[in-house]
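>>> Provided below are the primary sequence and the corresponding predicted coordinates.
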Amino acid sequence: MADIKLTAATLSAVGDIDIAGNRIIIRDDLSLVSVATPLGGEDALKKTLTAAFGLNIPAATLSSTAKGMRAVSMAPDAMLLIFAHATPDAEMHVRAKLGGAGYTTDQTDSMLAIEVSGPATMAAMERICPLDLQHGSFGKNASGRTVMEHMAATIIALGDAHFLLLTASSSAKSFLHALEKSYRNVIS
């Protein structure tokens, strides 16, 4: 049998991309932990999430924030916690704080977080995203799940023309390429 050694590869070597004042930043400093609500445990999770992190359970199309952490609704009874965590034990940290009030899974390696902003962001996003991201429809802390260039994505509004995008790490290079190409097409 062949002796094969796997080596982790990240996109952090790509670095930040600046296209005429528009920024594409790979946020490899963020940890992502999914939290599922146990059957009949909505009230307990709500209380524990607030006590442990100051967070509210997010509405279906919004994210909630507190103490440097963001909760994003991903499905009924499921949310994703997004926060900076320097060590690879983010899921254990959340699980300990929740004390059994929610089921946790580390999603940090399975998803890529990309922050985009700049003057051409809305035009670039309109080319590849079917959601109406205009401020009146998709204001700060709004979130939505969609498809961008045939790849699943979650979009979170951080401000005007400023978004955090989440996608599967398995298609990260293709997603980043589509995003960069969209910016370059609206700039030229």
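Done, it's in.
>>> tell me how many other residues crowd the closest residue to residue 122 other than its chain neighbours.
Of all residues not flanking residue 122 in the chain, residue 161 sits nearest, at 5.2 Å (C-beta to C-beta, 6 or more residues apart in numbering). C-beta coordinates here come from the backbone N, C-alpha and C atoms, glycine included. Counted by other C-beta atoms under 10 Å, the residues lying close to residue 161 total 20.
>>> contacting residues for residue 161?
Residues counted as contacts of residue 161 (C-beta atoms under 8 Å, 6 or more residues apart in numbering) are 117, 118, 119, 121, 122.
>>> so which of those sit within strands?
Counted as lying in strands by DSSP state E, out of the contacts of residue 161, are residue 117.
>>> please, a ChimeraX command that selects the buried ones among the contacts of residue 161?
Here is the ChimeraX command that selects the buried residues among these (16 or more other C-beta atoms under 10 Å):
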select :117,118,121
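>>> and the contacts of residue 161 as TSV, adding pLDDT?
What follows is those, written out as TSV (pLDDT from 0 to 100):
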residue	pLDDT
117	98
118	97
119	97
121	97
122	97
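>>> from the contacts of residue 161, pick the one nearest residue 110.
residue 117 (24.6 Å; C-beta to C-beta).
>>> wait, what's in contact with the closest one?
By C-beta under 8 Å, 6+ apart, the residues touching residue 117 are 22, 23, 158, 159, 161, 162, 163.
>>> let me know the pLDDT of residue 135.
The score at residue 135 is 83. That number is its pLDDT.
>>> check the one 5 residues further on too.
On the pLDDT scale, residue 140 is placed at 95.
>>> wait, doesn't residue 182 sit right on residue 122?
No. Taking contacts as C-beta atoms under 8 Å, residue 182 lies outside contact range of residue 122: 11.2 Å.
>>> which element is the spatially most central residue of the chain on?
Of all residues in the chain, the one closest to the mean position by C-alpha atoms, centre = their mean is residue 166, 3.8 Å from it. Under the criterion of DSSP states H and E, residue 166 resides in strand 162-168.
>>> give me the helices and strands touching that strand, please.
If you count contacts as 3 or more C-beta pairs under 8 Å, 6 or more residues apart in numbering; DSSP states H and E, strand 162-168 packs onto strand 111-117, helix 121-128, strand 151-159, helix 172-187.
>>> now, of those, which is deepest in the fold?
strand 111-117 (a mean of 20; mean count of other C-beta atoms under 10 Å).
>>> list the pairing partners of that strand within its sheet, with orientation.
The pairing partners recorded for strand 111-117 under DSSP bridges are strand 22-26 (antiparallel), strand 162-168 (antiparallel).
>>> out of the ones you listed, which is the most enclosed?
When you average the neighbours per residue for each of those (mean count of other C-beta under 10 Å), strand 162-168 leads with a mean of 21.
>>> about what we covered before: how about the contacts made by the nearest residue to the residue nearest to the centre of the chain once chain neighbours are set aside?
Nearest non-adjacent residue to residue 166, counting by C-beta to C-beta, 6+ apart: residue 154, 4.2 Å away. Contacts of residue 154 were listed using C-beta under 8 Å, 6+ apart, and they are 72, 74, 80, 143, 144, 145, 146, 165, 166, 167.
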